[in-house]
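**Q** quick one: sequence plus predicted model below, questions after.
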Amino acid sequence: MSDRWVPLDLEDVDANPFVQFQRWFAEAQGLMLEPEAVALATATPDGSPSVRMVLLRHHDDHSFGWYTNYESRKGGQLKDNPRAAILWYCESLGRQIRIEGDVQKMSSAESDAYFATRARGSQLGAHASHQSQPLDSRETLERRVEALATEFEGRDVPRPSDWGGYRLTPRRFEFWQHRDDRLHDRVVYLPAGSAWRVERQSP
């Protein structure tokens, strides 16, 4: 076994999966170029899936969250089928965390607060980009940004009404640790009343 791959046993994990997530997330800091990057999977009501990378901008002891355009492809899928899955992967430590659950929009106040922290260029971009819609050229997008920069010159850029946060409330966690010979460690958390049931699953 590689020195970087630490075995994962049931006795090693916290009874609370949110605490276990924070532990692994903290241990990955400094080892990854973008530790907040996660793959976000959504699906249409008939089950057609799609996946893309987003930045995990919110995580606490109840939920996980990201921000995007509500009119994007993922926004449309979440409107029709408000469930999603997140995959966080740390190659350096041979670890991945899978999180599945129900999704709802964050409050306007939460989205406003986060939007205010974004770089001004990103704020203008959120207005300029009609995410997932056809675009005739790069120049068209750049002209929109220039026009918006003029429109909002000298004042704060407001959050677009079609842009904001989503919050995923987990109903399943899986912590995966790479091991030799594909005999990986998999520890799964499932709801059990007000607590969580923890079990090992075959790799």
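**A** The structure has been received and is ready for your questions.
**Q** okay, now the unreliable bits of this structure?
**A** 1-4 (pLDDT under 70).
**Q** ranges for the strands of it?
**A** 37-43, 49-55, 58-59, 64-69, 83-90, 95-105, 163-177, 185-192, 195-201 (DSSP state E).
**Q** just those: most buried one?
**A** strand 64-69 (a mean of 22; mean count of other C-beta atoms under 10 Å). The C-beta positions use only the backbone N, C-alpha and C, and glycine is treated the same way.
**Q** which residues does that one contact?
**A** By C-beta atoms under 8 Å, 6 or more residues apart in numbering, the residues outside strand 64-69 that reach it are 38, 40, 54-59, 74-75, 86, 99, 106, 111, 114-115, 126, 129-132, 160, 162-168, 170.
**Q** likewise stretch 19-28?
**A** 13-14, 35, 59, 61, 88, 90, 92-93, 95, 97, 99, 173, 175, 189.
**Q** identify, from those, the entry nearest to Val198.
**A** Sorting those by how near they are to Val198, with C-beta to C-beta, puts Tyr189 at the top with 5.5 Å.
**Q** the closest one pairs with what?
**A** Note on Tyr189: beta-bridge partners by DSSP bridges are Phe173, Val198.
**Q** quick one, what contacts it?
**A** Counted by C-beta under 8 Å, 6+ apart, Tyr189 has contacts Pro17, Gln20, Arg172, Phe173, Glu174, Phe175, Trp196, Arg197, Val198.
**Q** so which of those residues is the closest to Ser122?
**A** The closest of these, once distances to Ser122 are taken by C-beta to C-beta, is Phe173, at 30.4 Å.
**Q** now do the contacts for that closest one.
**A** Contacts for Phe173 were tallied using C-beta under 8 Å, 6+ apart; they are Pro17, Gln20, Phe21, Ile97, Arg98, Ile99, Val188, Tyr189, Trp196.
**Q** now do 6 Å
**A** If you count contacts by C-beta atoms under 6 Å, 6 or more residues apart in numbering, Phe173 has them with Pro17, Ile99, Tyr189.
**Q** and of these, the nearest to Leu148?
**A** For those, the minimum distance to Leu148 (C-beta to C-beta) is 35.0 Å, reached by Ile99.
**Q** spatially central residue for this structure, please.
**A** With distances taken as C-alpha atoms, centre = their mean, the residue of the chain nearest its centroid is Leu56 (4.0 Å).
**Q** and that one, how far from Phe18?
**A** For Leu56, the distance to Phe18 equals 13 Å [C-beta to C-beta, to the nearest Å].
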